[in-house]
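J.: predicted structure and sequence below. I'll ask about it afterward.
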Amino acid sequence: MAASSKKWVLGIIVLAVLVPLLQPVFPDVVSNYRLFLVSTMIIAAIAVLGLNLLTGFNGQFSLGHGAFYAVGAYTAAILMDKLNVPYWATIPAAAIVCFIVGYLFGLPALKLEGHYLALATFALALAVPQILKYKWLEGLTGGVQGIVLMKPEVPFGLPLSEDQWLYYFCLLVMIVLFWGAANLLNSRSGRAMMAIRDQYMAADTMGIDTALYKTVTFGISAAYTGIAGALSACAIAFVAPDSFGIFLSIKFLIGLVVGGIGSLLGSVLGGIFYVLVDNSAQSLTQFIRNDLGLPFDLSAYTVFGVLLIAIIYLMPMGIAGGLYMAYRKLRGARA
Amino acid sequence: MEQLLQQFASGLANGAIYACVALALVMIYVSTDHINFAQGEMAMFSTYISWQLMSWGMSFWVAFILTVMISFAMGVLIERLILRPLHNAPVLSIIVVFIGLLAIFNSMAGAFWSYLIKEFPSPFPKSEFGIAGVIGAHQLGVVLVTLIVLGLLFVFFRYTPLGLAMRAAAQNPQMARLVGVRVDWMLALGWGLAASVGAVAGIMVAHIVYLEPNMMGGILLYAFASALVGGISNPAGAVAGGFIVGILENMVAYAGNQIEKATGVYIIGNGEKLTVALIIVIFVLTVRPAGLFGRVVVRRV
Amino acid sequence: MRTSRRGFVAGASAFAVLGTKSAFAQKKYDDGATDKEIKLGHTGPYSGPASSYGQIGKTIEAFFKSVNEAGGVNGRKINFITRDDGYSPPKMVELVRQLVEQDKVLCLFNTLGTPTNTAIHRYMNQKKVPQLYVATGASKWGKPKEFPWTMGFQPDYHTEGVVYAKHILANVKDAKIGVLMQNDDYGKDYYEGFRDGLGKETGKIVKHVTFEVTDPTVDSQVIQLKDSGANVFFNIATPKAAAQAIRKSADIGWKPAQYLNNVSASVGSVMKPAGLENSQGIITAQYLKDPTDKQWENTDDFKAWVAWMDKWMPGANKADANHVFGYAVSNLMLETLKKCGDTLTRENVMKQAANFQKYKLPLLLPGITINTSPTDYYPIQSVQLARFKGETWDLFGDVMSAEGS
Amino acid sequence: MAALLEVSGLKAFYGQTQSLYDVGFEIPMGGITTLLGANGAGKTTTLRAICNMVRTDGTIRFDGKNIRGMATEEIVRQRIAHVPEGRGTFTTLTVDENLRIAAYTRKDKQGVKDELERVFVYFPRLKERIQQQAGTLSGGEQQMLAIARALMLKPRLMLLDEPSFGLAPLIVLEIFRILRRINEEEKVSILLVEQNAALALDLATHAYVLETGKVVMSGPSDVVKNDENVRKSYLGY
């Protein structure tokens, strides 16, 4: 099982690397726009993975991961804008900054559980855009106007388009981060993390330093999401407080739940979904309005809500959970 | 001094709004263990219903009572049709369903009634209510209504068999079944009650913030904080929490204002008041993890 | 400036391919235009906190439907593609790239919001795709030297701020000004224009308070303004907060001279909710006809608009000024496309957009016209002050034109 | 004597795992029946199955009527009172509320009042603590409250799950004495699940022995008590 899944992962990675090279062959299918769209999915997947590490694997609740995303994005943006740091160097910087912020936030969060932790993280997500606009930070953050950046340029004279390069860059970061997460979860520390999620009291009596694990997990989770933020700053080439409203955090949560809580594959699916659901809601709306000729003024937002509920109905454990169940059923039927 | 008094009164009035919505949140929490993110939008939708009834010629209070009843039915229906089939789904999945509901209510209200802000009448006569220059008639009315709703809920839960059954169902559903309580219906009833309380909140709020599909967005955040400060399972705590958050927020702005006046240095102002208020709330929660008025309940392992 | 080299190459090559295809037809097309149709791209906030502006997109959609019904533009149908950006800059980038690269629209039209348009500003200019008549009053949309492919529409907030400041300096003795400002791009633009207008007299601003869009009320802010002893109140707020502020100041007995930004000058959605008795004497600057203002009822363009609304947007609320805005700006787009004739290239679209002289656009106030040139990318630069009286705005003074800021 | 409860071919499942295989027994009207068995034999599951708190298959007839598959709350309304293991009380409600909630299904106010008085005759201690929160009572008192609450349903059949669990021997004796009185005076039939087999067999008239989800032996309690296997396995002598 483990060996075969490894093969699968490798296969998908090889495929992911090869696809952009097909651009000259199928210019309309593998367009720059599509590659850009996939890059945003990758970025979302990384952000959802960060949240998953905290919620799915450590049992801590967060409604405010948009805050870490924002901190990552601004760290990258400020370094590029003020200090002319190259974009790739801002990724580790964002990771470090977000780790520290996450770790520090994890300290008071230790005392909070369930809904209270949700409130605390929610508050964080609310506070960050306000802090970005704070009078004394305006020089750094650009205040309400934000910071306009340059898109990453293709290095070494490689014969790639900007979007192809961005795609490869995001893909590389994602592979490294998922590999890291998989190893972490397979290690002793990873098992301790999950033990804390499953049996808090037991983990405590087993001699696991639950406080340390919980705060460090908070830090790592924040760092992952922060890296995603930094990548998004590179991809969008613009940061502003309006990009990091509370709905961003909620979208991560949707990605997490719909993808699959506590599943690495689920994070990828969640990232894809997070980007797709909006677009599909819009196309679906257009389809219903124009092709089915609905007399009523249906909004894409309504369709979005209906889609969400429908997905939870069909797959209460998320897409990853749903796939797993389908797989088991198939095998069961064959056996 | 006059400013302090006015800020305090305005905080109290805002607090009443938060308290009302927080009460609705608590209603659903005690009966189903969920925090309903769609609560604000449901309340907004109810308010539109009462607006519609009034525009058809009903008087304020007739529309009010009818709306509360319609909202009750709406809450029961949502529980039976949408949440019942999902009673085994994980908490986070339910939250996603709530977000879906939020989107649907918000956009439907926009589609039916447009996004234009609408005036909403106040039932409180200006001449008899309010203290001139300090607190408006409607603001004072909202405070009173909130306290009345709280009182009614208290009597309902404390002294009626149905209220008792709801508390029992919330505390230990399996045991409640064993004494013949139809727990499923208690959940639906909880939703109905919450929707009714939300409707009251919406109708009271709408005169102050005007009626529009997004009117509850900001308020829900404050209500959420209020409910948690007070102890999420305690209705009286939620109301107290609402007043605390409302007043605290204005006091933060006031303090910042006074500091700027005295020293000329801007430290905190209106942009940061929510942040600071929330930090204080969270600080309180780390010291008293179950909220100011909540009891620590031993968790079943 | 840092505008790109790559964008230029891409644009040029696309041009070459299309150029050869239609060389002998005497017609010239870029992406998004054919003998049969013209594709226009648009985004707006149909969801989220700014969703009241979604009405503009709906009006435009209905407008082009009516144009198509009547035969289209020079025989071509308009294919108007609109999407929901939720007022989110990253989402905007994604959608606009889709519109430009997948849907291959001829140009973007009336995309809404300052942060959202900022996010695509450079991209559009690299791609050399017109970003026409954007729905935001920031002053940065009129910089043809740096951003030749972007053009605004309405009078910019900065200019409007200057106008109010000048009026206060000329008319209010010993002005002590209190400012209420929405804490975002739009608020800031107004505020800076206002300060520029005051010039050396910025000391007259005794209090400047901000609010967030998520704040349920602005009561606390208004109390602070009153407490500062201000006798002039400049209200930079979107409709809901603006109405709250007007009512609250009356409630607590604060009676300053009030200036209200044009964004919230709607009688139906601000003055009435705020209470007509509380709104008397408020001053604003206008450029469009207010749909609830009875004095326009018998003007031709207004009658045409009402008839159009009845036919194409039945059931829509005519008090909503967004419908007026959408209708007016659509007319400008229509005229621009008409002027392009059979040369539907992006370059020509920009050229025609930058070539309006005293064009009378329906629903603009009498005396206000569209004027653009290759160096002037501000189509509307004139406003007229109005004072609220009874139930309508009473225009006074001359039409004022500020030179581009 | 007619059987009040007839169970036959009863199977029960927790998710995918089956924990009862073909359990069958009868409870005579007015008697006390006990289920014996080691941990995990399925005693508690049997009680839960009767009240439809697990997924079941088979037949369960109460007073001649098939009640299998009815909702728990409806079964309770047939006047079957279940006192679950670990003393099921509502810890945040007061003693008074705990008792009143049990009468929730009843419409006759006067009857409820009388019932309350009668319950206090059996459990005078509860009367003293009437306004206390159930969670603050001692273990024995909580067990008494649980039984008292079951009585408030005016049951015809009472299902008792480990009433002696975790209590001091003296208290256990007191509770069992009360149970016998209830059985005699209130004409309540009792199905008792109990670790303490000696005590249970003393109280009961009939006994069934469960092993890994099956009934392996049954009979009048005197007979069962003297069975060699039972003596070795459950009575310890």
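T.: Sure thing, it's come through. Residues are numbered from 1 along each chain as shown, chains lettered A, B, ... in the order given.
J.: the helix or strand harbouring residue C:125: how far from the chain's middle?
T.: For residue C:125, the host element (DSSP states H and E) is helix C:114-127. Its chain's C-alpha centre and that of helix C:114-127 lie 16 Å apart, by CA atoms, centre = their mean, to the nearest Å.
J.: for it, C-alpha coordinates in CSV please.
T.: What follows is helix C:114-127 as a C-alpha-only set of coordinates in CSV (Å, rounded to 0.1, in the frame of the first residue of the first chain):
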residue,chain,number,x,y,z
THR,C,114,-10.0,51.0,-6.2
PRO,C,115,-8.0,48.0,-4.7
THR,C,116,-9.3,45.6,-7.3
ASN,C,117,-8.4,47.9,-10.2
THR,C,118,-5.1,48.6,-8.7
ALA,C,119,-4.3,44.9,-8.7
ILE,C,120,-4.8,44.7,-12.5
HIS,C,121,-3.5,48.1,-13.4
ARG,C,122,-0.1,47.1,-14.4
TYR,C,123,-1.2,43.9,-16.0
MET,C,124,-3.6,45.6,-18.3
ASN,C,125,-1.0,48.1,-19.4
GLN,C,126,1.5,45.3,-20.1
LYS,C,127,-1.0,43.4,-22.1
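J.: and that helix, what other elements does it pack with?
T.: Under the contact definition 3 or more CB pairs under 8 Å, 6 or more residues apart in numbering or on different chains; DSSP states H and E, helix C:114-127 sits against strand A:147-148, helix C:6-21, helix C:89-97, strand C:131-132, helix C:185-198. Placement of C-beta: from N, CA and C, glycine included.
J.: please repeat the previous calculation with a cut-off of 6 Å.
T.: With contacts taken as 3 or more CB pairs under 6 Å, 6 or more residues apart in numbering or on different chains; DSSP states H and E, helix C:114-127 sits against helix C:89-97, helix C:185-198.
J.: of those, flag the one that's most buried.
T.: helix C:89-97 (a mean of 25; mean count of other CB atoms under 10 Å in any protein chain shown).
J.: show me the contact partners of that one.
T.: Helix C:89-97 is contacted from outside by A:33, A:36, A:236, A:238, A:240, A:243, C:43, C:83, C:85, C:115-116, C:119-120, using CB atoms under 6 Å, 6 or more residues apart in numbering or on different chains.
J.: what lines up beside the helix or strand that that helix is followed by in the sheet?
T.: With elements assigned by DSSP H and E, the helix or strand that comes after helix C:89-97 is strand C:107-109. Within its sheet, strand C:107-109 is paired with strand C:37-44 (parallel), strand C:131-132 (parallel), according to DSSP bridges.
J.: now tabulate these in TSV and tack on mean neighbour count and distance to residue D:17.
T.: Compiled in TSV, those are given as follows (neighbours: other CB atoms under 10 Å in any protein chain shown; distance: least, CB to CB, whole Å):
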stretch	mean neighbour count	distance to residue D:17
strand C:37-44	24	55
strand C:131-132	27	64
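J.: how about those, which one is nearest residue D:103?
T.: Between residue D:103 and those, the shortest gap by CB to CB is with strand C:37-44, which sits at 60.4 Å.
J.: can you give me the mean pLDDT across that closest one?
T.: Average pLDDT, strand C:37-44: 92.
J.: and if you look at stretch A:55-66?
T.: Averaging pLDDT along stretch A:55-66 yields 88.
J.: TSV please, covering the strands paired with strand C:107-109 and showing distance to residue B:180.
T.: TSV is the format used below for those (distance: least, CB to CB, whole Å):
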stretch	distance to residue B:180
strand C:37-44	55
strand C:131-132	68
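J.: minimum distance to residue C:201: which of those strands has it?
T.: Distance to residue C:201, taken as CB to CB, is lowest for strand C:131-132 among these, at 36.4 Å.
J.: helices of the stretch 151-300 of chain A, start to end?
T.: For the stretch 151-300 of chain A, the helices defined by DSSP state H, counting those that start in this stretch cover A:162-186, A:188-198, A:200-205, A:210-236, A:246-259, A:264-286, A:300-314.
J.: ok, is the longest one in contact with chain C or not?
T.: Yes: in terms of CB under 6 Å from any CB of the partner chain, part of helix A:210-236 sits within range of chain C, namely residue A:236.
J.: would you mind listing the buried residues in that helix?
T.: Neighbour-count burial for helix A:210-236 flags A:210, A:213-236 (criterion: 16 or more other CB atoms under 10 Å in any protein chain shown).
J.: quick check: mean pLDDT across it?
T.: Rounded mean pLDDT across helix A:210-236 is 92.
J.: which parts of chain C sit against chain B?
T.: C:49, C:51-52, C:183, C:209-211, C:214, C:216, C:219-221, C:223-224, C:227, C:239-240, C:251-253, C:269, C:273, C:317, C:320.
J.: and the angle for the helix holding residue C:125 with helix C:185-198?
T.: Angle, helix C:114-127 to helix C:185-198, by axes from the mean of the first three to the mean of the last three CA atoms, to 10 degrees: 90 degrees.
J.: who touches helix C:114-127?
T.: The contact list for helix C:114-127 (CB under 6 Å, 6+ apart) reads A:238, A:240, A:242, C:3-4, C:7, C:85, C:89, C:92-93, C:96, C:100, C:111, C:131, C:134, C:136, C:138, C:147, C:149, C:185-186.
J.: now swap in stretch C:224-240 and tell me
T.: B:3, B:117, B:210, B:257, C:168, C:172, C:175-182, C:187, C:190, C:206-207, C:209, C:242, C:245, C:252, C:254, C:256-261, C:264, C:269-270.
J.: those residues also near chain D: which ones?
T.: Residues of the contacts of stretch C:224-240 in contact with chain D (CB under 6 Å from any CB): none.
J.: which of the residues you listed fall in helices?
T.: Secondary structure from DSSP state H places B:3, B:257, C:168, C:187, C:190, C:242, C:245 of those in helices.
J.: list the contacts for the second one?
T.: Right, the one you point to is residue B:257. Going by CB under 6 Å, 6+ apart, residue B:257 touches residue C:224.
J.: mind listing what's buried along stretch C:343-362?
T.: C:343-350, C:352-354, C:356, C:359, C:361-362.
J.: so which of those are in strands?
T.: In strands, judged by DSSP state E, the following of these are found: C:343-344.
J.: now the biggest helix by length in chain C: mean pLDDT?
T.: Ranked by residue count, the top helix of chain C under DSSP H comes out as helix C:321-340. Averaged across helix C:321-340, pLDDT comes to 92.
J.: can you give me the strands for chain D?
T.: For chain D, the strands defined by DSSP E cover D:3-14, D:17-28, D:32-37, D:55-62, D:65-66, D:80-83, D:157-161, D:189-193, D:206-211, D:214-220.
J.: could I get the fourth one in PDB with only the CA atoms?
T.: The C-alpha coordinates for strand D:55-62 follow below in PDB (Å, rounded to 0.1, in the frame of the first residue of the first chain):
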ATOM      1  CA  ARG D  55     -28.800  -1.200  15.900                       C
ATOM      2  CA  THR D  56     -30.800  -4.400  16.300                       C
ATOM      3  CA  ASP D  57     -32.400  -7.300  14.600                       C
ATOM      4  CA  GLY D  58     -34.800  -9.900  15.900                       C
ATOM      5  CA  THR D  59     -38.100  -9.500  17.900                       C
ATOM      6  CA  ILE D  60     -38.700  -7.700  21.200                       C
ATOM      7  CA  ARG D  61     -42.300  -8.000  22.400                       C
ATOM      8  CA  PHE D  62     -43.500  -5.900  25.200                       C
END
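J.: nothing else from me, thank you.
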